[in-house]
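Q: Pasting the sequence and the predicted model now:
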Amino acid sequence: MVKEASHLANSRVLPGFSTPAVGFEAPFDMLEACHERVADRLALLKRLPIHLQANGCDSQARQAAADVLRYFDLAAPLHHQDEEIHVFPHLLASADRILVKAVMGLHLQHRVMEETWGRLRQVLLAVATCENSAAEPCRVLAASAVLGFTVLYDDHIRLEEAVIYPAARRAMGTRQTQTMSADMMLRRGSAPQAVTLTPFQKATRLRIDSASGLGSG
Ligand SMILES: [Fe+2]
Ligand SMILES: [Fe+2]
């Protein structure tokens with residue numbers, strides 16, 4: 001736990017994008033790299049209830065909880081937005097009704113994940129700030145709640161990587177992929193220039209920015 005928590009604490013920079021070998025010029029590779037980061041945090045999260053039961057709310061538990069909080073508060077929402085602005089719209093126009101249904105299901109799962117995370121993060125906040133002797137976070141961080149959250153992500157990521165990303169890669173042209181890459185940078189504060197979005201993408205982004213309190217500008 002110590003080694004992993006410390007490693008995660010050193011993850012850098014743009015939320016969800018800490019694999020040096022993968023750049024924004026390859027946005028789908030970046031999305032898959034983000035999935036790897038999700039898997040790392042979920043593995044850490046799954047071990048946390050066991051660690052708490054065995055060791056109480058020690059510094060390692062607090063560090064692990066803080067790492068998981070940082071990731072799912074900052075990087076995971078950006079990743080969902082990447083998909084909703086740039087990946088899903090291209091597939092919703094498909095004649096493949098099974099594919100369209102799958103995309104709509106994934107979109108809905110993003111909302112379920114956000115709601116589930118909203119409840120789980122309250123408990124993790126208690127762990128991240130607890131005292132060594134505190135028993136309450138150990139009791140309330142139920143393994144079943146953690147498992148429910150991790151299963152949501154496991155199935156979701158599997159479908160995206162097996163079906164959705166390959167279909168989107170086929171559906172998107174070079175210009176659309178470049179726009180996606182530039183917008184991913186822009187939304188993380190490192191884009192060199194403005195990005196031209198389609199009306200649908202603009203509307204999706206406006207809705208996302210409004211919901212997050214960022215406004216439209
Ligand atoms: Fe997703
Ligand atoms: Fe994803």
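A: Received it, and whenever you're ready, just let me know what you need. Ligands and ions are numbered 1, 2, ... in the order given.
Q: Give me the contact list for stretch 85-103.
A: With contact meaning CB atoms under 8 Å, 6 or more residues apart in numbering, stretch 85-103 is reached by 27, 31, 104, 106-107, 159, 163-165, 167-168, 171-172, 176, 179-180, 183-184, 197-198, 200-201, 204-205, 208. For every residue, glycine as well, the C-beta is placed using N, CA and C.
Q: Which helix in this protein has the most residues?
A: Across the chain, the helix with the greatest residue count (assigned by DSSP state H) is helix 97-128.
Q: and the angle from the helix or strand harbouring Ala33 to helix 97-128?
A: Using DSSP states H and E, Ala33 falls within helix 27-55. Here helix 27-55 runs at an angle of 40 degrees relative to helix 97-128 (axes from the mean of the first three to the mean of the last three CA atoms, to 10 degrees).
Q: what's the following helix or strand after helix 27-55?
A: Trace forward from helix 27-55 with DSSP H and E and the next one is helix 59-70.
Q: Let me know the angle separating that following helix from helix 27-55.
A: Using the same axes, to 10 degrees: helix 59-70 against helix 27-55 is 150 degrees.
Q: Which elements pack onto helix 59-70?
A: Other helices and strands packing on helix 59-70, by 3 or more CB pairs under 8 Å, 6 or more residues apart in numbering; DSSP states H and E, are helix 2-9, helix 27-55, helix 97-128.
Q: Mind putting the ones you listed into JSON lines with mean pLDDT, distance to Tyr71 and mean neighbour count?
A: Shown next, in JSON lines, are the helices and strands packed on helix 59-70 (pLDDT from 0 to 100; distance: least, CB to CB, whole Å; neighbours: other CB atoms under 10 Å):
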{"stretch": "helix 2-9", "mean pLDDT": "39", "distance to Tyr71": "8", "mean neighbour count": "14"}
{"stretch": "helix 27-55", "mean pLDDT": "92", "distance to Tyr71": "5", "mean neighbour count": "19"}
{"stretch": "helix 97-128", "mean pLDDT": "93", "distance to Tyr71": "11", "mean neighbour count": "15"}
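Q: Please report the distance of the residue nearest in space to the middle of the chain from Leu45.
A: Residue closest to the average C-alpha location in the chain (CA atoms, centre = their mean): Ala76, at 2.1 Å. Ala76 sits 12 Å away from Leu45, going by CB to CB, to the nearest Å.
Q: Now do the shared contacts for those two.
A: With the criterion set as CB under 8 Å, 6+ apart, the contacts of Ala76 and Leu45 do not overlap.
Q: And the pLDDT for the nearest residue to Val38 once chain neighbours are set aside?
A: Spatially, and ignoring its direct neighbours in sequence, Val38 is nearest to Tyr153 (5.9 Å; CB to CB, 6 or more residues apart in numbering). Here, the pLDDT recorded for Tyr153 equals 94.
Q: Could you do Phe72 as well?
A: 96.
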